[in-house]
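K.L.:
quick one, structure for this:
(chains A and B)
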Amino acid sequence: MKRIPPLVAKELTELRRSPSIFLPALLTGAAAILYPFVIAIIVPYFAGERLSNSGDFELATQMFRSQPEARRLTAEGAIQAYIFEYALVLMVGLTTVTGSMAVAAHSVIGEKQARTLEPLLATPVTTFELLTAKVLGAALPGIALMVACFTVYVGAVAIFAERGVWLMMLTARSLALVLIMGPLAALLGLQLAVCASSRVNDPRSAQQLGALIIVLPMAALQIAQFIGGVVLTTSMILALALLLCAANAVLMSVAIRLFDRESILTRWK
Amino acid sequence: MDDVSFELSPGEIVALLGPNGAGKTTTLRMLGGLIHPTSGSVLLDQQIVTAATASRLRASIGFLTEAPGLWERLTVRQNLDVYARLHAIATPRLAVDRMLDLFGISDRARDVAGELSKGLKQRVALARTLLHDPSIVLLDEPTAGLDPQSAHDLRDLVLRMRDERRAVLLSTHNLDEVDRVADRVAVLRTRLVALDTPTALRTRLFGRRVRVELARDAASHVSFLSAGGINDVKVHGAVISVGLNEHVTIAGLVRRLIESGAAIHAVIPEERSLEDVYLRLLEEPE
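P.N.:
Alright, predicted model coming up:
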């Protein structure tokens, strides 16, 4: 375990020297932040209509207003809060996963392509230490990016949305989503990417595989929420987090088994 | 690979020779615990290298891989510092400083590795290899692509490793380098074809010969030598080349020539090049 910190530090130092790797994740984050504002603020503003005058959000806002914190909001504020809060799922998922995945998919393949993997494997470092460092080294920037996006998001909601809406972004449910669910989902995606990265020879394949498995369910969850099919409560988020913890543990042992030093050294060109 | 058995002792330099694909790098990787043999075993200090023990045993091995394998976005110091910490060196900064000093790269410590020349990269890689003071050093083509000065410095360093009682296994295509540093030579052709000192290999393949330079034409002395049982004789003008064996020694030959009235200018043991030895070994049927 003592070899994990220097490897993570090395990963982070390398990333600091190549910030362009985060450009796609930054663009994704910006889009994820922007799109609920388009729905909740910009379109109604230019259309000259209020969302509360439309019946489109009636059922969803009724469900949403069952939350005690939402009861003191105006009708317009409740709809905005509903949109902004549920858009969090996609923002958290997209920014963390794309941010981390951009790094993770390159991790093992990148080391192999740069021919830095063999000297590294010649040290006493174990597969567990190596993979953990790779996952953490990719997850930390992704999580930092997600927290930064979340901060900007809440700040923008405080400025542009109805009074009190921003407080709905800081409920136990939202914070559990951002601080627990997001990082755990990112870890899961990363481990998948690292597993793929140990087996495929192309970073894009690893990236696509890892991202598909995480982003698709998140997008599905987002849609289900919007159409009112699913209401993610705090306890549901915590249950999902436990499930993700278990999945992460299982996946790490799978990743260790998949990481075949001999094959990586002798067959990869 | 098959049937590759040999021992490497402290303070010994063994050179691995063989054509491309002969298994030199694979052998080094097996010894370094990176890959495991499908049959047979590797023992380090009487302990078998297995998947379970490899991580621990790798701590006593320094492996210079074929490519320097530096993290190109990190500085020289950062590269070495990560490895010092991976080897759990108690005072990593001191160890890195010592290596930077030893390899004369202290002034390049802050340079980004990607901007270094090939020779400098190789120096940094060597510093990384010796950072944790390994007792076993595996060097995969360490002088490949180096300029003559850097290659010379590296050979000096390899010789210093012998003085420090490290066991060194060196894979190379540079036969001149092998002649200069190796105590023993192992020739691989997916199996171990030969393993001995360069001198012993020369003797085994070509026998021992001596060249005697005379004052005048040597042909007149051949029959006298033959009468004395010295039959493996080749004459080129005033130079005579004689094959030695347990019955024909240099002292006996010189005595015989003097008895035949020859005026001797020089007696020089003939030595075939290591290239001749190597090529002969590769020509031998399997």
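K.L.:
count the residues that sit near residue 190.
P.N.:
In the absence of a named chain, chain A is used. 32 (other CB atoms under 10 Å in any protein chain shown). For every residue, glycine as well, the C-beta is placed using N, CA and C.
K.L.:
my question was about chain B, not that one.
P.N.:
The number of residues packed near B:T190 is 16, by other CB under 10 Å.
K.L.:
that one touches B:D2, doesn't it?
P.N.:
Yes: the criterion here is CB atoms under 8 Å, and B:T190 meets it with B:D2 at 6.5 Å.
K.L.:
following element in sequence after the lowest-mean-pLDDT helix or strand in chain A, please.
P.N.:
Here the helix or strand of chain A ranked lowest by mean pLDDT, DSSP states H and E is helix A:203-226, holding a mean of 65. Sequence-wise, the next helix or strand downstream of helix A:203-226 (DSSP states H and E) is helix A:234-258.
K.L.:
hmm, that following helix touching chain B?
P.N.:
No: against chain B, helix A:234-258 shows no contacts by CB under 8 Å from any CB of the partner chain, the least distance being 11.2 Å.
K.L.:
which residues touch that helix?
P.N.:
A:127-128, A:131-132, A:171-173, A:176-177, A:180-181, A:184-185, A:187-188, A:191-192, A:194-195, A:198-199 (CB atoms under 8 Å, 6 or more residues apart in numbering or on different chains).
K.L.:
one more: stretch A:159-176?
P.N.:
By CB under 8 Å, 6+ apart, the residues outside stretch A:159-176 that reach it are A:37, A:40-41, A:67, A:69-70, A:72-74, A:76-77, A:80-81, A:84-85, A:88, A:150, A:153-155, A:157-158, A:232-234, A:237-238, A:241.
K.L.:
just for the chain, where's the confidence low?
P.N.:
As the question left the chain open, I've gone with chain A. Counting by pLDDT under 70, chain A has low-confidence residues at A:59-61, A:63-65, A:104-108, A:197-219, A:221-222, A:224-232, A:260, A:262-269.
K.L.:
that's the wrong chain, I meant chain B
P.N.:
In chain B (pLDDT under 70), the answer is B:286.
K.L.:
so who does residue 132 touch?
P.N.:
Reading this off chain A. Listed by CB under 8 Å, 6+ apart, the contact partners of A:T132 are A:I4, A:M252.
K.L.:
my question was about chain B, not that one.
P.N.:
B:H132 makes contact with B:A59, B:G62, B:Y83, B:A84, B:H87, B:I89, B:A95, according to CB under 8 Å, 6+ apart.
K.L.:
write the PyMOL selection for whichever of those are buried.
P.N.:
To isolate in PyMOL the members of these that are buried, counting by 16 or more other CB atoms under 10 Å in any protein chain shown, one can use:
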select buried, chain B and resi 62+83+84+87+89+95
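K.L.:
give me the subset of the contacts of B:H132 lying in helices.
P.N.:
B:Y83, B:A84, B:A95 (DSSP state H).
K.L.:
would you agree the second one is in contact with B:D97?
P.N.:
If I follow you right, that is B:A84. No: using CB under 8 Å, B:A84 is not in contact with B:D97, being 10.2 Å away.
K.L.:
picking that back up, now the contacts of B:H132 as CSV including distance to A:A249?
P.N.:
Converted to CSV, the contacts of B:H132 look like this (distance: CB to CB, whole Å):
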residue, distance to A:A249
B:A59, 28
B:G62, 35
B:Y83, 30
B:A84, 31
B:H87, 29
B:I89, 32
B:A95, 36
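K.L.:
just the helices in the stretch 101-250 of chain B please.
P.N.:
If DSSP state H, counting those that start in this stretch is used as the criterion, the helices of the stretch 101-250 of chain B fall at B:118-130, B:148-163, B:175-181, B:198-206, B:222-227, B:250-259.
K.L.:
could you identify which of those is most buried?
P.N.:
Greatest average neighbour count among the helices of the stretch 101-250 of chain B goes to helix B:118-130 (a mean of 22), per mean count of other CB atoms under 10 Å in any protein chain shown.
K.L.:
near chain A, which residues of the stretch 101-250 of chain B show up?
P.N.:
So the stretch 101-250 of chain B meets chain A at B:V112, B:A125, B:R128 (CB under 8 Å from any CB).
K.L.:
could you check how far the spatially closest residue to the first one that is not a sequence neighbour is from A:L73?
P.N.:
To tie it back to what came earlier, the one meant is B:V112. For B:V112, ignoring the flanking residues on the chain, the nearest one in space by CB to CB, 6 or more residues apart in numbering or on different chains is B:T75 at 5.6 Å. B:T75 sits 54 Å away from A:L73, going by CB to CB, to the nearest Å.
K.L.:
looking at the two, which has the bigger crowd around it?
P.N.:
Shown here are B:T75 and A:L73; by other CB under 10 Å, A:L73 has more neighbours (24 against 20).
K.L.:
test my guess that that one contacts A:A81.
P.N.:
Yes: here A:L73 lies in contact with A:A81, judged by CB under 8 Å, at a distance of 5.8 Å.
K.L.:
how about the contacts made by whatever residue of the stretch 101-250 of chain B ends up closest to chain A?
P.N.:
Nearest residue of the stretch 101-250 of chain B to chain A (CB to the nearest CB) works out as B:R128 at 6.8 Å. Neighbouring residues of B:R128 by CB under 8 Å, 6+ apart: A:P119, B:L70, B:N79, B:L80, B:Y83, B:M99.
K.L.:
quick one, helices of chain A?
P.N.:
Ranges of helices within chain A are A:4-16, A:23-37, A:43-47, A:58-64, A:75-113, A:117-121, A:127-160, A:172-176, A:182-199, A:203-226, A:234-258, A:261-266, based on DSSP H.
K.L.:
dump those helices into TSV; add distance to B:P134 as well.
P.N.:
TSV is the format used below for those (distance: least, CB to CB, whole Å):
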stretch	distance to B:P134
helix A:4-16	18
helix A:23-37	41
helix A:43-47	67
helix A:58-64	64
helix A:75-113	22
helix A:117-121	13
helix A:127-160	20
helix A:172-176	49
helix A:182-199	27
helix A:203-226	33
helix A:234-258	26
helix A:261-266	19
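K.L.:
please look at A:A32 and A:L90 and confirm they touch.
P.N.:
Yes: with contacts counted by CB under 8 Å, A:A32 reaches A:L90, the gap being 5.8 Å.
K.L.:
burial of the closest residue to B:V82 other than its chain neighbours, as a residue count?
P.N.:
Here the nearest residue to B:V82 in space, its sequence neighbours aside, is A:K10; by CB to CB, 6+ apart that works out to 4.7 Å. A:K10: 23 surrounding residues under other CB under 10 Å.
K.L.:
ok, B:A51 next?
P.N.:
10.
K.L.:
got a list of what it touches?
P.N.:
Taking CB under 8 Å, 6+ apart as the criterion, B:A51 is in contact with B:H36.
K.L.:
make it 10 Å
P.N.:
A:T127, A:R261, B:G33, B:H36 (CB atoms under 10 Å, 6 or more residues apart in numbering or on different chains).
K.L.:
so the second one sits against A:L131, correct?
P.N.:
Meaning A:R261. No: look at A:R261 against A:L131 with CB atoms under 10 Å: they stay out of range, at 11.7 Å.
K.L.:
now stretch B:4-22: how far from the chain's centre is it?
P.N.:
8 Å (CA atoms, centre = their mean, to the nearest Å).
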